[in-house]
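give the three-dimensional model of this entry:
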Amino acid sequence: MPKPSQQVQPAESPWHLLGAAIRHWREDVHGLSLRATAKRIYSDAADLSRVERGQVRPQPGTVQRLDEALNAKGHLTALFAAASDLDRLRTLEGNSSLTEENATERRRVLQLATSLALGAVGGAEPIRQVFDRDGGRSAEEWEISCTDHLHALRTLPPTQVVADLVVDLVALRQQMQIAAPADLTELQRTTAALSAIHANALTRLSDHGAAIRWWRTAKQAADASGDRSMSLLVRSEEAGHGLYNQRSPEAVLSLIHSAQHLAGSPSVDLMTTEAKALSMLGRHGEALRVIGQAMARAGTMKGDSLGFWSPDQLRFAASWVYSAAGEESQASEPGTTVLASTRDYVYRANIMLHRALSTVVNGGTTEGAQQAAPVIADVPPAYRSGHILATGRMVLRAVPLSQHDQARVGELRDLLTLG
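As a prediction, the model looks like this:
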């Protein structure tokens, strides 16, 4: 039997996952050397080594011959298809075209890649053994992975975030299958966190049906972990993101009341979402009262350990609620503070849109539309997420029907339709 090769980290990328699977079938199952395997598929041993290490993308024919030569029963070709689709997703991400056809193709490729990656890996015992050999990650390493994905969510295009999340979701799923019972609680907590980030990213892609299913997965995992604070955090995130055209404000209020019942008392993060939902229903007096109570309760409240919630979210909600009520002076301070401190491009764009909303509410339809349009136009197409477009539509909805034929309003409407 050949000497085992240097270990490949299958969670590093889809191509590393494919390479690890190929190496498993070659070494662990058949005990073949690189040279002997390369000879079977009419290839070069050095080229095959680079494929196994994830350094190069193999040709489809090479993978097909490997699948047959190693009797992998289609697992290698399925993983190759998943990795190829994730590469196509990144190619579409870099395409500045905003046609509906392109947007539909992005969603189709995303769904296909996720399905292939999870399905092919989840049902394949040989791939489970690859992760068994890898040993999995510690709780501390998974926590760092969660914070990395949260940072990416706030700084990178959502399609890239989802594509990268697929790799870790696959790795986590496999680690749970081989984990000792004592480790499952912490892995359930990690599942809840990663699933919530995944649902957030899908919301940014306006793939609301898939997002709602991932919120459900996140809640089930959080509850299974027994971590009450995680259960509340996931429910708060679900309610907050539901306001971006995912659910009706009434449904979001129902989610909030259910979460508050679980909490036993109102929490600041739930109160901020409640205020925004009331604002969307035109119940501005109630919204102002609730956001005032939330700000009074916040005091020195700090964010959670993973970084889901931060004081910026309270200030962002205040900017939203005060702007929707036409209270420009009160909206200014929290909005300016968020702009000075946040790295989240969605927050930055939406704070500017809040200001445009306030202008429209106070009767300045032309000026408000003129403020909002360049905010959206200046966001690169790949970053123009559902959160930004939903806020732009809030500005448009505030325009009186009698003024919808204004040229500036038409420009804003066209941008939102294209986006």
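
what sits against residue 67?
Residues near residue 67 by Cβ atoms under 8 Å, 6 or more residues apart in numbering: 73-77. In this view, the C-beta of every residue, glycine as well, is placed from N, C-alpha and C.

can you pull up the most central residue in this protein?
residue 201 (2.3 Å; Cα atoms, centre = their mean).

follow-up on the earlier one: tell me which of the contacts of residue 67 is nearest to residue 309?
Taking Cβ to Cβ as the measure, residue 309 lies nearest residue 75 of those, at 40.4 Å.

thought the closest one was touching residue 21?
Yes: using Cβ atoms under 8 Å, residue 75 is in contact with residue 21, at 6.6 Å.

quick one, which of those two is more surrounded?
Neighbours were tallied for residue 75 and for residue 21 using other Cβ atoms under 10 Å; the higher tally belongs to residue 21 (28 against 22).

and after whichever helix or strand the more buried one is part of, which helix or strand comes next?
Using DSSP states H and E, the element containing residue 21 is helix 14-23. Moving toward the C-terminus from helix 14-23, the next helix or strand (DSSP H and E) is helix 34-40.

tell me what the helix or strand following that following helix is packed against?
Going down the chain from helix 34-40, the next helix or strand is helix 45-52, by DSSP H and E. The helices and strands touching helix 45-52, judged by 3 or more Cβ pairs under 8 Å, 6 or more residues apart in numbering; DSSP states H and E, are helix 14-23, helix 34-40.

on that earlier part again, would you mind measuring from the residue nearest to the centre of the chain to residue 29?
The gap separating residue 201 from residue 29 is 36 Å, by Cβ to Cβ, to the nearest Å.

returning to that earlier point: in the strand or helix carrying the residue nearest to the centre of the chain, what's buried?
Using DSSP H and E, residue 201 falls within helix 181-204. Buried residues in helix 181-204, counted by 16 or more other Cβ atoms under 10 Å: 186-204.

distance between the one helix or strand residue 66 maps to and the chain's centre?
Using DSSP H and E, residue 66 sits in helix 60-69. Its chain's average C-alpha position is 33 Å from that of helix 60-69, according to Cα atoms, centre = their mean, to the nearest Å.

next one: stretch 161-174
Centroid displacement of stretch 161-174 relative to its chain, using Cα atoms, centre = their mean, is 11 Å.

go on, stretch 310-327?
Its chain's C-alpha centre and that of stretch 310-327 lie 23 Å apart, by Cα atoms, centre = their mean.

can I see the domain layout of this structure?
Listed by automatic domain parsing, the domain ranges of the chain are 1-135, 344-419.

lowest-confidence stretch among those domains?
Of all the domains of the chain, domain 1-135 carries the lowest average pLDDT, namely a mean of 71.

could you give the angle of the helix or strand harbouring residue 390 to helix 181-204?
Using DSSP H and E, residue 390 falls within helix 386-397. Interaxial angle of helix 386-397 relative to helix 181-204 (axes from the mean of the first three to the mean of the last three Cα atoms, to 10 degrees): 40 degrees.

which strands and helices lie in contact with the next helix or strand after helix 386-397?
Following helix 386-397 in sequence order, the next helix or strand is helix 407-418 (DSSP H and E). Judged by 3+ Cβ pairs under 8 Å, 6+ apart, helix 407-418 is in contact with helix 365-377, helix 386-397.

buried ones in stretch 45-62, by neighbour count?
Residues of stretch 45-62 classed as buried by neighbour count (16+ other Cβ under 10 Å): 47-49, 51-54, 57-58, 62.

what is the nearest of those to residue 228?
Nearest to residue 228 among those is residue 54, at 39.8 Å by Cβ to Cβ.

is it true that the closest one touches residue 19?
Yes: with contacts counted by Cβ under 8 Å, residue 54 reaches residue 19, the gap being 4.4 Å.

picking that back up, export the helices and strands packed on helix 45-52 as TSV, with columns for distance to residue 251.
Putting these into TSV (distance: least, Cβ to Cβ, whole Å) gives the following:
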stretch	distance to residue 251
helix 14-23	36
helix 34-40	55
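
which one of the ones you listed lies nearest to residue 405?
Among those, helix 14-23 comes nearest to residue 405, with 49.4 Å by Cβ to Cβ.

against residue 370, how distant is residue 18?
Here the criterion is Cβ to Cβ. By it, residue 18 lies 51 Å from residue 370.

just the buried residues of the contacts of residue 67.
Buried subset of the contacts of residue 67 (neighbour count, 16+ other Cβ under 10 Å): 75-77.

of the residues you listed, closest to residue 275?
Among those, residue 75 lies closest to residue 275 (Cβ to Cβ), at 50.4 Å.

backbone dihedrals for the closest one, please?
With angles defined as degrees, to the nearest 10, residue 75 sits at phi -70, psi -40.

swap in residue 71?
Per degrees, to the nearest 10, the backbone of residue 71 is at phi 50, psi 50.

quick check: next helix or strand after the helix holding residue 201?
Helices and strands here follow DSSP H and E; after helix 181-204, the next one along the chain is helix 208-225.

export that next one as CSV, just CAs?
Provided in CSV are the C-alpha atoms of helix 208-225 (Å, rounded to 0.1, in the frame of the first residue of the first chain):
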residue,chain,number,x,y,z
HIS,A,208,-37.8,33.9,0.5
GLY,A,209,-39.2,30.4,0.4
ALA,A,210,-35.7,28.8,0.9
ALA,A,211,-35.0,31.4,3.6
ILE,A,212,-38.1,30.5,5.6
ARG,A,213,-37.1,26.8,5.5
TRP,A,214,-33.7,27.6,6.8
TRP,A,215,-35.1,29.7,9.6
ARG,A,216,-37.1,26.6,10.6
THR,A,217,-33.9,24.5,10.6
ALA,A,218,-32.1,27.2,12.7
LYS,A,219,-34.9,27.2,15.3
GLN,A,220,-35.0,23.4,15.5
ALA,A,221,-31.2,23.2,16.0
ALA,A,222,-31.2,26.0,18.5
ASP,A,223,-34.0,24.3,20.5
ALA,A,224,-32.2,20.9,20.3
SER,A,225,-29.0,22.5,21.7
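
who's in contact with the next helix or strand along the chain from it?
For helix 208-225, the following helix or strand on the C-terminal side (DSSP H and E) is helix 228-242. Helix 228-242 is touched from outside by 189, 192-193, 195-196, 199-200, 203, 211, 215, 218-219, 222-223, 251-252, 255-256, 258-259, 262-263, 267, 269-270, 272-273, 276-277, 304, 308-309, 313, 387, with contacts defined as Cβ under 8 Å, 6+ apart.

cool, thanks, talk later.
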